[in-house]
Every structure is written in structure tokens, then in C-alpha cells.
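> sequence and predicted structure below; questions after.
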Amino acid sequence: MLQCQESDIKWASRWDSYLLMTDDQIHWFSIVNSLMIVLFLSGMVAMIMLRTLYRDISKYNQLETQEEAQEETGWKLVHGDVFRPPANSDWLCVYVGTGVQFFGMMLVTMVFAVLGFLSPSNRGGLMTAMLLLWVFMGLLAGYSSSRLYKLFKGSEWKNIALRTAFTFPGSVFTVFFFLNILIWGQKSSGAVPFTTMFALVLLWFGISVPLVFVGSYLGFKKPAIEDPVKTNKIPRQVPEQAWYMNSIFSILIGGILPFGAVFIELFFILTSIWLHQFYYIFGFLFLVFLILIVTCAEISIVLCYFQLCSEDYLWWWRSYLTSGSSALYLFLYATFYFYTKLEITKFVSAILYFGYMLIASYAFFALTGTIGFYACLMFTRLIYSSVKIE
């Protein structure tokens, strides 16, 4: 006959032993590692901003004759082309709007998680909150994409709103639906029911799409952002660049540091998702998110400055891709994690893993790329508004 013994543990705290995490030291190492990267980048940016840029601006503003101005080299020479709209500017507006939507969703989600409103013990609560926030952040996506579109002298704001509302969600829903069909084919209980799929489509078309159009309308109604310098009618020829300033090389190099700032914490996130462990120290995650923002902004500014100094004014897309390339390293790390930590042997399970990680990498690309883009946009507007242009 079993005997019941009275326990000193309160009923409300009966699950605490399962939620106990013993790897705080590793998390602190993750934070210290990320902070070291940020401090290193901050030192580089401070050196550029406080020494090199100050010297450049003082020299440019002290030129006495037009002949001296024409003999100058560096970033001032491309002032007549630096704000020229890039090729495929419509798609840049769409992806910037998508990144803003992701940024708003992630920021609000982590603030609520840090404050304790979203708990990992509530199964599905975090994902539901993220979906709802994504839907309502469509207002910011439409607003930011149309504001940038008007900066590029565009006029068809409805076209931009339509692309913003359907490009990213449409591609993600297509991959998600395909993966769900595979789960249905295996007759697994993990398949998303048809009613849930219908609810997702209803949220997308009923709330998100209208909010994107409302945001685009409000953004396009506002006066266009004026460039600090005038753009020449005839584009300047970009001189031949050194091998290390090659667009592909600099883009791939730029993505290493933002990924390096988060990859240790990424291990715990992947473990909590794929090995069914709890992740609830959102304070660490929020700090890593802030570090990611600073890292993306700083590495994009540094490489943008070097690009302009080499008289290459095609910075719009490169500023987005520089920090956005960290998504490539995220997917490569997910592949490494799959072969070293997971014991998945079934083909369908492997397809599910890589499909979901592809979606996560795509979202990470939009988020980090947008951060780098806005950092470079503010940087270029700041430096070109600080020099005298004849």
C-alpha cells in the first residue's frame, strides 16, 4: 500500500524543477561574446565618425576654389549620384516594409515576454501572440514601404502596397502549406487542421492586407522626404573597384559579425524548438536582440562608408544585403545543427526541419537587412547634409 508524504513544495511551484535551467554561465558567455563584438564595432564607427569623417567634412568645407573642389576624391565626389534611386527600387521598398513589420513584431513580443505576459508554460501562446502582432504590424509595413517609394519618386502606391501585403506572407504560406501536406500524408497529429489554416488565411486577407493598404495610403499622403543634395541628370561612372570592395565579397563579410553576435544564443533557441526544451529567459534574448540591432547598424555603416570613399554610390541594395547576408550563415548553422545535434532519419522529418529553418532564415534576412538599410540611410543623409556642395 502506497503512503503519501507531505511535501514542502507549494502546489503552484510544482513544475519549477522542470523549468530550472543550469546553463546560466553559458548564457552569460553568450552575452559577453556579443558585447565584445559590439564594442569592437563601436570603436570602429567612433573612429570613423569622430576622426575620419570630421576631418573629411572640415577639409571639404574649407576649399576656397572650384578647381580645388574638382581635385578632391572620396565620398564627396559622388554627391550628385548618392541619392539616385537604385535598380529594382520597388522591390527594395517591399522588403524594407516587410523588415519593419518583423521588427515591430519582434520588439513588442519580447517586451511582453520580458514583462511576463507570455510564458513558455502556456503552449502556443507565444506563437499566437507573434501571429497576431504580425497581422497588426501590417500598418507599419505599408507606411514604411510607401514612404520609401515616394522618396524614389514613385507614384503607384497601390502596387507597392499589394506587393508588400503578398510577397513575404505568400511565399511563407506556400512553403508552410506544402510542409503541412507532407504531415497530412504521414497521418500525423502534428498537422495543422484545416480550420486553423482557414483562420490564418482569414487573418491575412481580412486584417493584414487592409492594414497594409491603410498604412501605404497614410505614408504616401505625407510630403516626400527631401534629399540633402541634388541628384545629377547623368549618372556618374563607377570606377573599377579593388577586389576586397567587390559587392559579393563585402556583402558576405558583412553578415559574419551580426551572426557572430547571436549564434551562441541561437543554439539554445534551436534546442528549445527541436528538442522540446523550455526557453524562458527572455531577458537574455532581449539583450541579444538589442546587440543584434547595434551590430547590424554599425557593420552596414562601416562598409557603406568604405564603399562611398571608393566612389561607388550604388549603396542602396548593398546596405540591405550586407547585414541581411547573416541569414545565410543562420541557415548554414541550422544545417550544422541538424547533422551534429539531431537524430532525424526520416526524409519527411528532414524536409520539415529545413523547410521551417528556411522560413526562419528568410524572416531573419528581412529583419537584419532592414536594420542595416535604415542605418545607412541615416548615415548618408547626415554626412551629405554636413558638407557644402557648390
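Received the coordinates, thanks.
> in stretch 218-233, what's buried?
For stretch 218-233, the neighbour count (16 or more other C-beta atoms under 10 Å) marks 219, 220, 227, 228, 229 as buried. Where C-beta positions appear, they are placed from N, C-alpha and C, glycine not excepted.
> separation between the first one and residue 165?
Distance, residue 219 to residue 165, using C-beta to C-beta, to the nearest Å: 14 Å.
> now the common contact residues for these two.
Counting by C-beta atoms under 8 Å, 6 or more residues apart in numbering, the residues touching both residue 219 and residue 165 are residue 142.
> hmm, back to that, and of the buried residues of stretch 218-233, the nearest to residue 118?
Taking C-beta to C-beta as the measure, residue 118 sits nearest to residue 219 out of the buried residues of stretch 218-233, at 29.8 Å.
> check the contact between that closest one and residue 140; I expect there is one.
No. Counting by C-beta atoms under 8 Å, residue 140 is not a contact partner of residue 219; they are 9.5 Å apart.
> any weak-confidence spans in the stretch 201-350 of the chain?
The stretch 201-350 of the chain contains residues with pLDDT under 70 at 276-283.
> what are the boundaries of the strands in it?
With strands called from DSSP state E, counting those that start in this stretch, the stretch 201-350 of the chain shows none.
> now the buried residues of stretch 218-233 as TSV including distance to residue 175?
Supplementary listing: the buried residues of stretch 218-233 in TSV, determined by distance: C-beta to C-beta, whole Å:
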residue	distance to residue 175
219	29
220	31
227	38
228	41
229	43
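> so where is the stretch 1-150 of the chain shaky, pLDDT-wise?
Within the stretch 1-150 of the chain, the segments meeting pLDDT under 70 span 1-30, 33-34, 49-51, 60-73, 119-124.
> swap the cut-off to 50 and go again
Per-residue confidence for the stretch 1-150 of the chain (pLDDT under 50) gives these ranges: 1, 22, 65, 69, 71.
> contacts only, for residue 231.
The contact partners of residue 231, taken as C-beta under 8 Å, 6+ apart, are 80, 81, 83, 84.
> can you tell me how far the residue nearest to the first one when sequence neighbours are not counted is from residue 384?
Residue nearest to residue 80 in three dimensions, not counting chain neighbours: residue 232, with 3.6 Å by C-beta to C-beta, 6 or more residues apart in numbering. According to C-beta to C-beta, residue 232 stands 14 Å off from residue 384.
> please apply the same query to residue 222.
Distance from residue 222 to residue 384, by C-beta to C-beta: 22 Å.
> and what of residue 261?
For residue 261, the distance to residue 384 - C-beta to C-beta - is 29 Å.
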